[in-house]
Each structure stands twice: as C-alpha cells, then as structure tokens.
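Trainee: Sequence plus the predicted model coming up.
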Amino acid sequence: MTIAKRNILALLTLAAGTMTLQAAAPSLDSYRLVWSDEFEGTTLDPSIWNIEVNGNGGGNNELQYYAAENVSVADGCLVLTARKENKNGRAFTSGRVNTLGKAAFMHGRIDARLKMPRTANGLWPAFWLMGNDMSTGTGWPYCGEIDVMEAGNVNGINRGTQDRYMGGALHWGPYVGGGHPMYATDLTATYSLQDDFHLFSLVWDDYKIEMYLDLDRNPNAAPYFRMSINDKSSENSPGRYFHKQFFILFNVAIGGNYTGIYNTNGITALAQEERAMLVDYVRVYQRPGREDYTFPGSSAIDPGPSTEIDDKTELGQYGTFSLAEDNKPTFTASKGKDYVIIDADEQFRRQVEPLTIADYTPGGNNKSRLQVWNSSYTTGSTEGLNSMGNEEPWRRFFVNSTQGSTLSYREFLTGTGKDLSMLNDEYYLHIAFRGNDPDSHTTHAIRIGSASFCIGNVAFDDNGTPLPIMGDFPRDGRWTSFDIPYSEILKLDPQPFVDPKVIKGDVVTIMSGNEWGAQLNYDAIFFYRPNLSGVTTVRADKPAGQDLPPCDLLGRPVGPDYRGIVIKDGKKFLIQ
C-alpha cells in the first residue's frame, strides 16, 4: 500500500518478476522471538495498535472510509471487515490498523499468518510496513515502505487469477517531479491464496530484503521478492531508507489504483455480503545480539554487524589476497616485464610507466571509456585502500536493473581502436575484486573480447550458458587478485578479438546479473608478462617439469595441467 500515487521515476522503473531468486530462507533456529501479538481476547491492545479513522483515500483513489467499528478481535484473530455501507460520503467502510510510534523494529524476520478476503472484484488487502520516523515528521516516501503482501491487483483481475495473484514492493525517497524510486515483483501461486490461512514472511538484514510465502508448509521455498539494500551512495539509494525501525500495518482497501477500479459500480466483491481479512498472529524474530526494536516497556539497539573473516571461500588456483597483513600489496611492479593497462590507479600506473606498452585507462587523450549499458549500474563512492594498497578510488557499482547489468571498456567513436596484438600465451590477465555482501555473494562474469568466464561460487548464467568459474573471493571486505594466464583465456576462445590490432568494440566486459542493488567492487585490470629474469624453461612432459612443485609465481597451488611459472628452492621455472 502506498500513501501517494504510484508514479515512479522513469530512470528507476524496474520490471517485475524478473529477478534471479535464491532458495531457502534462514531457519527460525537462528532467531529468537522478540515480540508477537496472537490476538487472544476480545479487544485490540491499544498500547500496541492504532485504529485509523479517515476517508482520505490513502493517496491511491481508494473508495472506503476506515472506521473503528470495522476492526475487531474474535476467535483468536484480528478481523478487518469491509462492508458496503454509506459513511461520511463514502459508499464503503473497512478497517486499517498500525503500530506507528508504539511497536517498531529494524531487521530480522516478521511472520504474519492471515486469511485474505475474496478480492473479486475491488478488494485490496495488504500487510506492510513504513518507517517509524513518520512519528517525528518524516514524510512519505522518505520514511520508506515495505509491502510484504498486496492482493486484488488489476493484472490478476484481467487474467482471471486474482485468487492466486499477489505482489511485494519497496518504495523510498526522494520524491521528485511526481515520482519516486520503487521496485515491485508479483507472484501467481499454483494454489488459491484466498481459501485459507497463509503465512507471509519478511526476512530483512544488513544486505537485503526478501519475502516468502508459506514457509511453514514449504521451508525451502524461494522468495517471491528479493532486493539488495547495500547501496547508500546517493539520495535515491535504497540503503539510505531501509536501515531503521519500521512499524506494521494491516488493512483492506476498496478500489483505487492497485485494483484499477475507481467507481462504486465496479466493486462486485461486496455486492452480496461483507468480507474480512483475518490475522491469526504477527511475530517478530531477530538474531541474538542484533536486536533492534521498540515495544511497550522494552527496547534494544543493534550494535551493528561484526566483521567476520570468511575462511571458507576458496579463491581457486588463480586467486590470492591482494594485501598482506601490513597492507602492502602482494603484486608489485617488479613482477611484470611489460604491461598493457585497461584500468588502474594513477600511482600504480606511474610505477609501471617505463614498462607500459599501452595504457587504456579511461580518461585523458587515449579515447578510452568505461560505458555502463542502459544505466544498469549506479556508481558508489569508495573509502580506504584499493587492491594495490593505495588510498585511491576503485570502481564501485550497484546493479540498477532486473534486466541484467553490463559495463564495458571500449573506444570512443572518434578513437582509432585499441591495439592488443601483443597479447599471447606469455601474458597474464590481472583483476581484483572485493565485497562485503556475504548473503548475496554475487557472481560476476568477465568477458575478454568474446572469451567469457566468471568469478564467484556459482556459474554465471549467460543467456542459458553457464560460464566456467575461474575463482571466487570472500565477502568480508578483503581484496582478492586474480592472475589468469592468457593461455587459459585463449582456450575459451582462440580468437577473442576479430582484429586485435584495431579493437573498436568491447575489450573487457563485466556483468553482475539482475539482482537489483547487488554490489560490484573491482580494481586494477591489466595484462602483463611476468618478469622472467633467472627463469629456466622446462617441458611439462619431461622429468624436470614433472618433478616441480605445484606452486606458481605467487605461491598458489596449481594442478598438473598448469603451464606457467613455478618456484622451487627459490628458483623460477617456466613450464611449457
């Protein structure tokens, strides 16, 4: 339920139902119950609940008058009854309650077991939340809004599926030019949602918001809504609006924008009888040590997430941590004989300048650019050390599309083309990643010309084709560098560039999927030939090559098929 018209900023309009959703909500065993209302007795607890009385249409052209007599407690349920009756100039009455200023919480899991009324046609039942700072004057949509369940939508009416059709959504600020940023998904269930009680669950943490249907029946169900709330980089970033306490609302609206019905004759649901939404219970769970709530006589403030080192993620044979314990870089300029730079910070570029064959870092006079396609990422700010141990910015983005996210390094139209004809199987590709989104653990695809692979714990789905995984990185804030032999890239595509001497298209492309708000942090993209001074070349099929230890130049274990530089007794060997 919104409290203003559902106009949205065109730039941030997102298609519903296209997210890649991961299965299984966290078990309740990892939470503790901090508050609940089981609606026992015969009256609603006034220390918790406010009963709304108004006929303002909710900002959505609704047709009802909310009245106190339409709210009751009976048979262990909160009862919100919609009726066809005249009151204060309205042709219908209904019920709406909230906990504004009385009960609110931040993060955790909230479950509401409820039975919807039959919505056909014109009823709009909802279970939702808004920022509790409304109690101190913060207006909508700056307060933020979380719609866990809404039913009765015009799409369900038109498709004849409204008993199975529902949706979830987030709305937030700023409100500009008659619009605001929002994201919504819909679900058409395989069974009726209006014939019995069903469980609706909100799972909300430092990184994301998810919504689930009937976890009591299907504990491994996938969420019908999922959105990252990491991004805090700008005024329209969701992370600025969904890390505070929210209060709870239940209501049954009649007509209005969501239903597409604006006149009394279109409301057929109440033609013969009144209808009600029954709420069996609402329960709030939070993780021990992370409680953040305000309830009558009790409150808690979340101390914030602890920084836990991820010692489970395997970096793979090409990955190594970018910074040592003293924050000194593990990759230094002396490790390369020559460099072809795609994007790197100024200090590193100065260090390797005498060894640089070409520098295509965007900016300057080299006609190179970093292009974000279809505004599918938004840019975030950086703070701290980059992967080279320098206090210089790295590339930080957040996915801004559910249709897929893509950025690429390419030439301006006036450019003469990039020359990568020097690349051969002596070269390595270097790129570094970091993240602090352990729950999302987004996989990123990398394309060198037309050769594609990915970095992550699951294969990236590139239009139905799973890409080979070249490694992964922990999501605990540490930088991980990947040094991948160009020979391995050529195995993916022997000719990644049609004309490597004049490349006017994409040289390096990165994709992060379609989870809106997922983060992408990367740094230091370049090709280099290792410094081979003092290196002895050996054949892999000869005893000298077979006897070498499985560690590369950076001390990482490698397999028997590895071709490249290894170290034994302080000496370097090139296995060919």
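Mentor: Everything's here; your move.

Trainee: Where do the helices of the stretch 301-450 of the chain begin and end?
Mentor: In the stretch 301-450 of the chain, the helices defined using DSSP state H, counting those that start in this stretch lie at 346-352.

Trainee: Any chance you could list what contacts stretch 262-270?
Mentor: Contacts to stretch 262-270, defined as Cβ atoms under 8 Å, 6 or more residues apart in numbering, come from residues 61, 63, 82-84, 91-92, 117-123, 254-256, 261, 275. Any C-beta I mention is one placed from the backbone N, CA and C, and that applies to glycine too.

Trainee: Now do the end-to-end distance for that stretch.
Mentor: Stretch 262-270 stretches 15 Å from its first residue to its last (Cα to Cα, to the nearest Å).

Trainee: What count of nearby residues applies to the closest residue to Pro296 other than its chain neighbours?
Mentor: The shortest distance from Pro296 to any non-neighbouring residue, by Cβ to Cβ, 6 or more residues apart in numbering, is to Ser47 (4.7 Å). Neighbours of Ser47 under the rule other Cβ atoms under 10 Å: 11.

Trainee: There's contact between Ser47 and Gly101 in this structure, I believe.
Mentor: No: in this structure Ser47 lies outside contact range of Gly101 using Cβ atoms under 8 Å: 11.1 Å.

Trainee: tell me the domain ranges of the protein?
Mentor: Taking automatic domain parsing as the reference, the chain has its domains at 10-300, 319-531, 534-576.

Trainee: For the last one, what does the pLDDT average out to?
Mentor: Think domain 534-576. In this model, domain 534-576 has a mean pLDDT of 59.

Trainee: Use 863 as the first number from now on
Mentor: Happy to do that; since the first residue is 863 now, the last one works out to domain 1396-1438.

Trainee: Surely Thr1047 is in contact with Tyr1086?
Mentor: Yes: Thr1047 lies in contact with Tyr1086 (Cβ under 8 Å); the separation is 6.2 Å.

Trainee: Report the beta-bridge partners for Phe967.
Mentor: Under DSSP bridges, the beta-bridge partners of Phe967 are Phe1108, Tyr1155.

Trainee: what's near enough to touch it?
Mentor: Contact analysis of Phe967 by Cβ under 8 Å, 6+ apart lists 896-897, 1107-1108, 1146, 1148, 1154-1156.

Trainee: As CSV, those residues with distance to Thr1218 would be great.
Mentor: Putting the contacts of Phe967 into CSV (distance: Cβ to Cβ, whole Å) gives the following:
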residue, distance to Thr1218
Val896, 58
Trp897, 61
Gln1107, 53
Phe1108, 52
Val1146, 57
Gln1148, 53
Asp1154, 51
Tyr1155, 56
Thr1156, 58
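
Trainee: Determine which two of those are furthest apart.
Mentor: Across the contacts of Phe967, the two members that end up farthest from each other (Cβ to Cβ) are Val896 and Phe1108, 14.0 Å apart.

Trainee: Neighbour count for the two, which is higher?
Mentor: More crowded of Val896 and Phe1108, by other Cβ under 10 Å: Phe1108, with 26 against 18.

Trainee: Could you double-check that that one sits in contact with Asp995?
Mentor: No: using Cβ under 8 Å as the test, Phe1108 is too far from Asp995 to be in contact (9.3 Å).

Trainee: how near is Arg1337 to Thr1121?
Mentor: Counting by Cβ to Cβ, to the nearest Å, the gap from Arg1337 to Thr1121 is 42 Å.

Trainee: which of these two has more neighbours?
Mentor: Of the pair Arg1337 and Thr1121, Thr1121 is the one with more neighbours under other Cβ under 10 Å, namely 28 against 21.

Trainee: and the more buried one, what pLDDT?
Mentor: We have a pLDDT of 98 for Thr1121.

Trainee: now swap in Glu1170 and tell me
Mentor: Reported pLDDT for Glu1170: 76.

Trainee: Fine by me, we can end here.
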